[in-house]
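**Q** Build me a model from this:
(one chain, ligands or ions: 1)
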Amino acid sequence: MCGIVGYLGKQQAYQILVQGLHRLEYRGYDSSGVAMISDSGALNIYKAKGKVKALEDHAKDKDLSGSIGIAHTRWATHGEPNDINAHPHCSQSQNIALVHNGTIENYNVLKEALTQQGYTFVSETDTEVVVQLIEYIKTKNNCSLFDAVKEAARQVVGAYAIAVIDKNNPDEIIAARQSSPLVIGIKDDEYFLASDATPIIEYTNKVVYLNDGEIAVINRKDGLRVFDIKSRSEAKICITELKMSIEELEKGGYPHFMLKEIFEQPKTLADCISGRISSDGKRVVLSGVIEHKEKFLNANRIIIVACGTSWHAALIGKHLIEDFCRTPVVVEYASEFRYCNPVVGENDILIALSQSGETADTLAALELAKSRGAFVFGICNVIGSSIPRATHSGCYIHVGPEIGVASTKAFTGQVTVLAMLALLVGQMKGLVSDETLEKVASDIRRVPLLIKDIFKMNDRIQDLAKIFTYAHNFLYLGRGYNYPSALEGALKLKEISYIHAEGYPAAEMKHGTIALIDNDMPSVVIAIKDNVYEKTVSNIQQVKARGGKVVAIVTEGDTVVSGMADYVLEVPEISECLTPLLTSIPLQLLAYYIAVNKGRNVDQPRNLAKSVTVE
Ligand code: G6P
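**A** Residues are numbered from 1 along each chain as shown. Sure thing, here's the model as predicted:
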């Protein structure tokens, strides 16, 4: 949610900053801006409403010189998206510029106090208060920018990752973080600052992740130094080497990241599984679980907290863990869990499931459970992100950077890891027989190939999308393991096509939702051969009897549903617990092609952001 970039070095900053903003655009894209201290010592700030491209158009004839700068791409929280509310924000004297990711909760109190001191505000943002506060402290105490930022950081309440520059010191960037991510890349005497590593990786693979409560001084002469905001003591700098490659951040010939990420799934799932199922297929190896075996064996309960698509994967995880481990699992929206005074304690395991590892609500839910004694375990994609760093243990899904805002490959990666975790814990508890483990593990290994098979239906799905492009409402129905798949299918369609869609348990539909069904409301029904197959078939008949059109996802060779549904998409047979890994693929493609037909911005749908680091 909002992306920050910064550069200090020997190159001209502008191109590096703008390229960085493009990489971070998935975090928010309603406006963007840059601030640079020019070669002649001016503080130049350029901002524009809209995508980064609008900023480039606006800035093209301006003075773009300078080897120090900060930049921002915004997802509005306080104040509508316009040029004035766009970052960077500037202090009253026009000397200090600041970019911010997060929300300042006490901005009203601070704003009032600063107004009384003669400060005036031009924007509606919470961020402007921070830059004015920094200037106020700096002037009043006659102190350095570093000391002023440090003091301001102590006074603001909320979440922030900030980067600040001062026109009077073109050799220094100050950055600080509390609950919003910040990464600093180091290459000889060049420094790259960003909300995540994606803008940095093309310059260096050596990065430092700033911790909560830390402030960094990046200085041309003295290099990088990090301090604790509260204690003021200097922190040890820990350099991490990243393994990400630049190709992973490109579209690779696909028109959209989302399509690339859908088609990547055979590879990403192979990476996710790699090294985690022993070569004889008899054991699952997840070291984050094995090292804490006792916790998993003795847990009274597992709570999975997540948001959005990850929450849907969590619902599948519940089925998997309860089936294989017989440990009760509850799945909670992280945003609800954190404020509902949950009953959670020492004998519970809390799993925080998050692609980005940065979702503010999921992180807060995790911290709450940890403070009450629970063992906290992370399942994330982005290496080094906040959630994995806050947990006792965890495992990555290893599906590579996901850039399309609508999650696809992360969903299947999450389900795959949850399946392996359930098998492993079930085996450790003596509840999963060797035969079951071998069968399911071998099916997990087959998934990449089976997904490739499903891609053969790509053209058919594209044709189907044409038929339904102008539908105004959709119903997605599924049961058991595939009720969450129905929820996820509906979410994909809503997110990128803006068509209203509802996911529902197929049988529950008759208690109300069935009233909506008519000729204009298509239903997508997941009717694979599982333990409720016959029941789902009846549900299809109930829809058909009311004139509803049905698109059915069925198991290969099914003749019963084919004779009943209007359109049928077949997926290969596999262990029931893994079927969501296959049924989700045609649903992703259907949503994608409908959205493309409607001319939507598939990778950056309106109002959304990939990483939601605010409440
Ligand atoms: C945002 C994204 C969704 C994502 C959700 C949770 O809403 O647009 O695609 O599922 O956040 O994100 P996480 O990174 O925690 O999985």
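
**Q** Show me what from the protein comes close to the ligand.
**A** 307-310, 354-356, 359, 362, 405-407, 608, 610-612 (Cβ under 6 Å from any ligand atom). Bear in mind the C-beta positions are built from the backbone N, C-alpha and C, glycine included.

**Q** State the mean pLDDT of the host helix or strand of residue 462.
**A** Using DSSP states H and E, residue 462 sits within helix 458-468. For helix 458-468, mean pLDDT rounds to 96.

**Q** Give me the packing partners of it, helices and strands only.
**A** Judged by 3 or more Cβ pairs under 8 Å, 6 or more residues apart in numbering; DSSP states H and E, the packing partners of helix 458-468 are strand 567-571, helix 579-597.

**Q** Mean pLDDT and mean neighbour count for those - can I get that in CSV?
**A** Below are these laid out as CSV (pLDDT from 0 to 100; neighbours: other Cβ atoms under 10 Å):
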stretch, mean pLDDT, mean neighbour count
strand 567-571, 97, 21
helix 579-597, 98, 26
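
**Q** out of the ones you listed, nearest to residue 386?
**A** Evaluated with Cβ to Cβ, these place helix 579-597 nearest to residue 386, the distance being 26.8 Å.

**Q** Which one of the residues of the chain next to the ligand sits in the busiest neighbourhood?
**A** residue 354 (33 neighbours; other Cβ atoms under 10 Å).

**Q** Which of the helices or strands spans the nearest residue to that residue once chain neighbours are set aside?
**A** For residue 354, ignoring the flanking residues on the chain, the nearest one in space by Cβ to Cβ, 6 or more residues apart in numbering is residue 362 at 4.8 Å. If you go by DSSP H and E, residue 362 is part of helix 360-371.

**Q** So the residue nearest to residue 354 is in contact with residue 353, correct?
**A** Yes - using Cβ atoms under 8 Å, residue 362 is in contact with residue 353, at 7.5 Å.

**Q** Now list whatever residues contact both of the two.
**A** Shared contacts of residue 362 and residue 353, defined by Cβ atoms under 8 Å, 6 or more residues apart in numbering, comprise 305-306, 310.

**Q** which residues sit in contact with residue 219?
**A** Per Cβ under 8 Å, 6+ apart, neighbours of residue 219: 171-172, 225.

**Q** Across the sheet, point out what pairs with it.
**A** residue 172, residue 223 (DSSP bridges).

**Q** What are the contacting residues of the helix holding residue 462?
**A** So helix 458-468 is contacted by 474, 522, 551, 567, 569, 586, 589-590, 592-594, 596-597 (Cβ under 8 Å, 6+ apart).

**Q** For the residue in the chain that the ligand sits nearest to, list the residues it contacts.
**A** Closest to the ligand within the chain is residue 308: 2.7 Å, counting by Cβ to the nearest ligand atom. Contacts for residue 308 were tallied using Cβ under 8 Å, 6+ apart; they are 407, 491, 612.

**Q** among the residues you listed, which are in helices?
**A** Among the contacts of residue 308, DSSP state H puts residue 491 in helices.

**Q** Could you export the contacts of residue 308 to TSV, including columns for distance to residue 43 and pLDDT?
**A** Formatted as TSV, the contacts of residue 308 follow (distance: Cβ to Cβ, whole Å; pLDDT from 0 to 100):
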residue	distance to residue 43	pLDDT
407	39	97
491	43	98
612	31	77
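
**Q** buried set for stretch 226-235?
**A** Judged by neighbour count using 16 or more other Cβ atoms under 10 Å, the buried positions of stretch 226-235 are 226-227, 229, 235.

**Q** now, which of those lie within strands?
**A** 226-227 (DSSP state E).

**Q** Dump the buried residues of stretch 226-235 to TSV, plus pLDDT.
**A** Listed next are these as TSV, based on pLDDT from 0 to 100:
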residue	pLDDT
226	97
227	97
229	95
235	95
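
**Q** Show me where the stretch 251-400 of the chain has its helices.
**A** 257-263, 265-273, 287-290, 293-298, 308-325, 334-337, 360-371, 386-390 (DSSP state H, counting those that start in this stretch).

**Q** quick one: which of the ones you listed is nearest residue 59?
**A** helix 257-263 (25.1 Å).

**Q** who does the closest one touch, helix- and strand-wise?
**A** Counting contacts by 3+ Cβ pairs under 8 Å, 6+ apart, helix 257-263 packs against helix 579-597.

**Q** Go again with 10 Å.
**A** Helices and strands touching helix 257-263, by 3 or more Cβ pairs under 10 Å, 6 or more residues apart in numbering; DSSP states H and E, are helix 409-428, helix 434-454, helix 458-468, helix 483-497, helix 579-597.

**Q** TSV for these, including distance to residue 5?
**A** Output for the helices and strands packed on helix 257-263, formatted as TSV (distance: least, Cβ to Cβ, whole Å):
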stretch	distance to residue 5
helix 409-428	23
helix 434-454	35
helix 458-468	36
helix 483-497	26
helix 579-597	29
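
**Q** Residue 491 is in contact with residue 310, isn't it?
**A** No - assessed by Cβ atoms under 10 Å, residue 491 is found out of contact with residue 310, at 11.0 Å.

**Q** Residue 103 pairs with what?
**A** residue 159.

**Q** Contact partners for it?
**A** Residues in contact with residue 103 (Cβ atoms under 10 Å, 6 or more residues apart in numbering) are 1-2, 77-78, 125-127, 157-160, 179-180, 360, 613-615.

**Q** Kindly report the same for residue 3.
**A** Counted by Cβ under 10 Å, 6+ apart, residue 3 has contacts 20-29, 32, 52, 71-75, 99, 101, 161, 194-196, 198-199, 609-611, 613.

**Q** again, 8 Å this time
**A** 20-21, 23-28, 72-73, 101, 194-196.
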